[in-house]
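A.B. asks: Model the following, please.
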Amino acid sequence: MVKFQSFLSSSSGNSTFITDDHTNILIDCGATKGYIEKCLSRLGTDGTHLSGIFITHAHIDHIAAAGTLSRKFGLPLYATAETFAKGARQIGMVREHNLREITPGDDITVNTLTVHAFSIPHDADGAVSYTVTDGESKFGIATDSGIITDEIMQNLTGCDTVIVESNHDVDMLRRGPYPYPLKKRILGEGGHLSNDMCGQLCAALAKCGTRAFWLGHLSDKNNLPDLAYSCVSRVLAENGITVGCDVSLNVIPKFWIEATI
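C.D. replies: Residues are numbered from 1 along each chain as shown. This is a model prediction of the structure:
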């Protein structure tokens, strides 16, 4: 069974540990090396037991420690050519055989796990997200997406568990302190999903069989955990789906371990 543990999830940092108890991988590494290692230690493991890091895109909140962990533990990094190009300075020098270029649509087998990459609409060239399966269960993640595309729906359909972006409350964002160009970016097709859009995606996936939803990548300035939960719950209810009966719904904490990143 594919399981996950979010190490951190927010506008300032993201990293998710995936395992089937045989193979361990990370999706994104947007924190310090020290923080990631503390999280691994809390799980009773360390970087020597990781089989790779899958990067979604080149923004710092997703790649911060990818290069340092690769160098320390000899880990392969999986990302698109555009992500490697844009993130080259942050990633730094990594052994060539550990730079594993992927393209959307690829299925990458890592020991007992199969990771599938698919495109997401975000303002980062070559941005992708991933599903992970062990052949029995399927996990998916979709954050940093400005809109819900057919490709996102097609790839997340059939997942047992998903992490879905619930980045902002539209009214909080519009009234908030961000400058207008940043607000426009967040609300645009290359930005982030609002609570309402997240609810729509969860409802569509629930109708296709997904039963466990985790809300992630919440904005520090333009959202609240209770607000995200209540909004998504409401949209699910409007679609005839009851939280606690038909599906489970949880909000991922910003940090798993309370520490600076």
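
A.B. asks: so F17 is in which element?
C.D. replies: Assessed by DSSP states H and E, F17 sits inside strand 14-19.

A.B. asks: And that strand, what does it pack against?
C.D. replies: Judged by 3 or more CB pairs under 8 Å, 6 or more residues apart in numbering; DSSP states H and E, strand 14-19 is in contact with strand 3-9, strand 24-27, helix 33-42. (Glycine included, C-beta is placed from N, CA and C.)

A.B. asks: Check what contacts that strand and list those residues.
C.D. replies: Residues from elsewhere that reach strand 14-19 (CB atoms under 8 Å, 6 or more residues apart in numbering): 2-9, 24-31, 36, 39-40, 43, 61-62, 113, 132, 139, 141, 143, 163, 216-217.

A.B. asks: ok, and which of the helices and strands packed on strand 14-19 has the densest surroundings?
C.D. replies: Sort these by mean neighbour count, taking mean count of other CB atoms under 10 Å, and strand 24-27 sits at the top with a mean of 24.

A.B. asks: Break down this protein into its strands, ranges please.
C.D. replies: Remark: strands assigned in the chain by DSSP state E are 3-9, 14-19, 24-27, 53-54, 77-80, 99-102, 107-110, 113-119, 128-133, 138-142, 161-165, 212-216, 248-251.

A.B. asks: still on that earlier bit, report the angle between the strand holding F17 and strand 161-165.
C.D. replies: Orientation of strand 14-19 against strand 161-165 (axes from the mean of the first three to the mean of the last three CA atoms, to 10 degrees) gives an angle of 170 degrees.

A.B. asks: Tell me, please, the helix or strand in the protein that averages the lowest pLDDT.
C.D. replies: helix 180-187 (a mean of 93; mean pLDDT, DSSP states H and E).

A.B. asks: What are the buried residues along it?
C.D. replies: The neighbour-count check on helix 180-187 (16 or more other CB atoms under 10 Å) flags 183, 186 as buried.

A.B. asks: As PDB, could you dump the C-alpha coordinates of it?
C.D. replies: Taking C-alpha atoms only, helix 180-187 is exported to PDB below (Å, rounded to 0.1, in the frame of the first residue of the first chain):
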ATOM      1  CA  TYR A 180      -1.900  43.700  -7.600                       C
ATOM      2  CA  PRO A 181       0.400  41.900 -10.000                       C
ATOM      3  CA  LEU A 182       1.000  39.100  -7.500                       C
ATOM      4  CA  LYS A 183      -2.800  38.800  -6.900                       C
ATOM      5  CA  LYS A 184      -3.300  38.600 -10.600                       C
ATOM      6  CA  ARG A 185      -0.700  35.900 -11.000                       C
ATOM      7  CA  ILE A 186      -2.200  33.700  -8.200                       C
ATOM      8  CA  LEU A 187      -5.700  34.000  -9.700                       C
END
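
A.B. asks: on contacts alone, who are the packing partners of that helix?
C.D. replies: Against helix 180-187 (3+ CB pairs under 8 Å, 6+ apart) you get helix 170-175.

A.B. asks: Now do the buried residues in the helix it packs on.
C.D. replies: 170, 172-173.

A.B. asks: quick one on the thing from earlier: could you export the helices and strands packed on strand 14-19 as a markdown table, including distance to I252 and mean pLDDT?
C.D. replies: Compiled in a markdown table, the helices and strands packed on strand 14-19 are given as follows (distance: least, CB to CB, whole Å; pLDDT from 0 to 100):
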| stretch | distance to I252 | mean pLDDT |
| --- | --- | --- |
| strand 3-9 | 4 | 97 |
| strand 24-27 | 13 | 99 |
| helix 33-42 | 13 | 97 |
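
A.B. asks: Just list the residues touching T45, thanks.
C.D. replies: Counting by CB under 8 Å, 6+ apart, T45 touches N24.
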